[in-house]
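Q: model this:
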Amino acid sequence: MHANERVIRSTYEAFASGDLEAVGERLADGIVWHSLGHSRFSRDYTGRDDVFGLFGALFEETDGSFRIELHDVLANDERAVALTTNRAERVGRTLVYEEAAVFRIVDGKVAEAWLYVDDQEAHAAFFRA
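A: Next up, the predicted model:
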């Protein structure tokens, strides 16, 4: 397994188990997180605190139901791509969507991330209501 694949797999495992300290250890100080699409969460987040603010908002909006199922990780010396299925519940509705997350990794830490959602309109509508 490539070292950058290990970084991404361990980050997703830590996130799934609620170990945010371990997640934070895998994020570079100046991380830039590009949450693409049309939802109210779609913007660039800069720095760990800003990224953790996004995570907190997602959990708050979904009453803690937000979950990520990691399917595969492709990695090389500079980047990794994670393919996931994400699920959340909110105001009596359920959202299930596929996501491709592209990560730039520097010195074993995620320095930048781009998240691509398969159905941006459904994602935006879910968080509008």
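Q: any idea which element the residue lying closest to residue 93 once chain neighbours are set aside lies in?
A: Distance criterion CB to CB, 6 or more residues apart in numbering; nearest residue to residue 93, sequence neighbours excluded, is residue 126 at 6.5 Å. Placement of C-beta: from N, CA and C, glycine included. With the criterion set as DSSP states H and E, the secondary-structure element containing residue 126 is helix 120-128.
Q: circling back: the residue nearest to residue 93 touches residue 92, doesn't it?
A: No. If you go by CB atoms under 8 Å, residue 126 and residue 92 don't touch, sitting 11.4 Å apart.
Q: quick one: the helices in this protein?
A: Secondary structure of the chain (DSSP state H): helices located at 3-17, 20-25, 48-61, 120-128.
Q: Select, out of these, the one closest to residue 105.
A: Each of the helices of the chain was scored for nearness to residue 105 using CB to CB, and the closest is helix 3-17 (4.8 Å).
Q: mind showing which ranges of the protein have poor pLDDT?
A: Applying pLDDT under 70 to the predicted model, the residue ranges of the chain that meet it are 129.
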